[in-house]
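Student: Structure for this input, please:
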Amino acid sequence: MPTQPLRGALGRYTTGVTIVTCCDADGAFVGLTVNSFNSLSLEPALVLWSLRKASPSAGIFCAAPRFAVNVLAQGQLGLARRFAVRGDHRFGEGVWTLGEHGAPLLDGCAAAFQCETASQQRAGDHVLFIGRVLAHTDADLPPLAFQGGRYHALGEVL
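Tutor: Got it, this is the predicted structure:
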């Protein structure tokens with residue numbers, strides 16, 4: 001199956017935009033923009049996200065016992081773009097702190113989930129991460145959306 005038409009069809013589905021973070025073995029902050037985040041279960045509280053196996057950060061996330069999912073607010077488009085490209089400059093923008101459960105948290109995001117890695121599964125060209133939610137926060141801020149290869153603000157509430 002040709003991948004470009006499939007990618008276009010999958011892009012019709014609107015998602016939120018997150019920055020998933022962890023710390024490497026030396027305690028350095030690691031993070032990247034992810035739109036493959038979903039809730040999985042309320043009891044127990046589980047979330048999931050996926051990462052390309054070929055990602056330079058894949059080994060770090062696979063080794064990390066904990067991670068955080070920072071759901072971006074509409075005003076954080078610059079951070080979404082910054083964390084979508086490779087480089088060591090990512091944490092130079094935004095206010096970042098080490099969460100009580102050992103992963104970097106972004107101030108001012110729409111929601112944040114501090115998670116313990118419950119399982120990892122290789123599926124196709126990705127690794128699926130399932131996290132047990134240890135703590136979460138949310139703010140009454142409109143989230144940043146992604147659809148059709150572009151970032152969007154939410155429209156009118158129906």
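
Student: Quick one: name whatever helix or strand follows the lowest-mean-pLDDT helix or strand in the chain.
Tutor: Least confident helix or strand, the chain: helix 3-10 with a mean of 84, by mean pLDDT, DSSP states H and E. Using DSSP states H and E, the next helix or strand after helix 3-10 towards the C-terminus is strand 15-16.

Student: picking that back up, how distant is the least confident helix or strand of the chain from the center of its chain?
Tutor: Taking CA atoms, centre = their mean, to the nearest Å, one finds the center of helix 3-10 at 21 Å from the center of the full chain.

Student: can you pull the buried residues of stretch 143-156?
Tutor: Under the neighbour-count criterion of 16 or more other CB atoms under 10 Å, stretch 143-156 has 143, 144, 145, 146 buried. (Glycine included, C-beta is placed from N, CA and C.)

Student: pLDDT score assigned to the second one?
Tutor: The reference is to residue 144. pLDDT for residue 144: 97.
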